[in-house]
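Peer 1: Could you look at this predicted model? Sequence included:
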Amino acid sequence: CSVYFVRDAQHLINTFSSNPEYLKTKEDDAVKNYKDWGIPLGRRFRALKLWFVMRSFGVEGLQNKIREHIRITNVLYDLLKQDSNWEIMAPFVLNVLCIRFHPSAIDDNAILNNINEDLLRSINATGKYFLSGTKLHDKFVIRIVPSQTNVREEHVTRLYQLMCELTNTLR
């Protein structure tokens, strides 16, 4: 169970919207379709887990966790921003960071997409991290969301080191 804190719900809908043909209805534009507000489509109700998390951490504890996750994401953001081989593909809010490896010698979008898809598979194959990817304006991007309960700054610095090691031959 996850909670998303958003000022503008449309940003959340744009992130999670999934509208394959079999889910489309005539009323889609006239109603709030909560299927577009989160990841689960047909998963069981999980609010009880959220209640336990809130009881365990409390409001202040959750605020501190979220602030720490944002701080950790900023550490990774700063590392990537200093390295000209990485692009930050979207402004990040909270702790979702969309990046793309883009060495200066390569400008072909199809090649860059393949490189980044392979890089994502290689990172995940280590078993140390699990990242996801998506397409943003026809560009494959790697999504990094440091939000595991016990994530620390050293985890994102090691992730950055791993990404650099895996891309060393392409620089």
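Peer 2: Okay, I see it.

Peer 1: list the contacts for Ala30?
Peer 2: Listed by CB atoms under 8 Å, 6 or more residues apart in numbering, Ala30 has no contact partners. Where C-beta positions appear, they are placed from N, C-alpha and C, glycine not excepted.

Peer 1: what about it, which SS state?
Peer 2: coil (DSSP: H, G, I helix; E, B strand; the rest coil).

Peer 1: State the phi and psi torsions of it.
Peer 2: phi -100, psi -10 (degrees, to the nearest 10).

Peer 1: so how far is stretch 15-28 from its chain's centroid?
Peer 2: With CA atoms, centre = their mean, to the nearest Å as the basis, stretch 15-28 stands 22 Å off its chain's centre.

Peer 1: so where is this protein shaky, pLDDT-wise?
Peer 2: 1-4, 19-22, 38-46, 171 (pLDDT under 70).

Peer 1: Specify the beta-bridge partners of the residue most central in space within it.
Peer 2: Closest to where the C-alpha atoms of the chain average out (CA atoms, centre = their mean) is Arg143, at 3.7 Å. For Arg143, the beta-bridge partners under DSSP bridges are Cys98, Ser132.

Peer 1: check contacts around it.
Peer 2: Counted by CB under 8 Å, 6+ apart, Arg143 has contacts 96-98, 131-134.

Peer 1: Now Phe130: closest residue in space, sequence neighbours ignored.
Peer 2: The spatially closest residue to Phe130, leaving aside those adjacent along the chain, is Asn124, at 5.7 Å (CB to CB, 6 or more residues apart in numbering).

Peer 1: Can you list the buried residues in the helix or strand where the one you found lies?
Peer 2: Remark: Asn124 resides in helix 109-125, with elements defined by DSSP states H and E. Neighbour counts over helix 109-125 (16 or more other CB atoms under 10 Å) mark 112-113, 115-116, 119-120, 123 as buried.

Peer 1: What of stretch 99-106?
Peer 2: 99-102.

Peer 1: SS state for Tyr129?
Peer 2: Tyr129 is classified as coil under three-state DSSP.

Peer 1: what residues are up against it?
Peer 2: 123, 159, 162 are the contacts of Tyr129 under CB under 8 Å, 6+ apart.

Peer 1: Cool, thanks, signing off.
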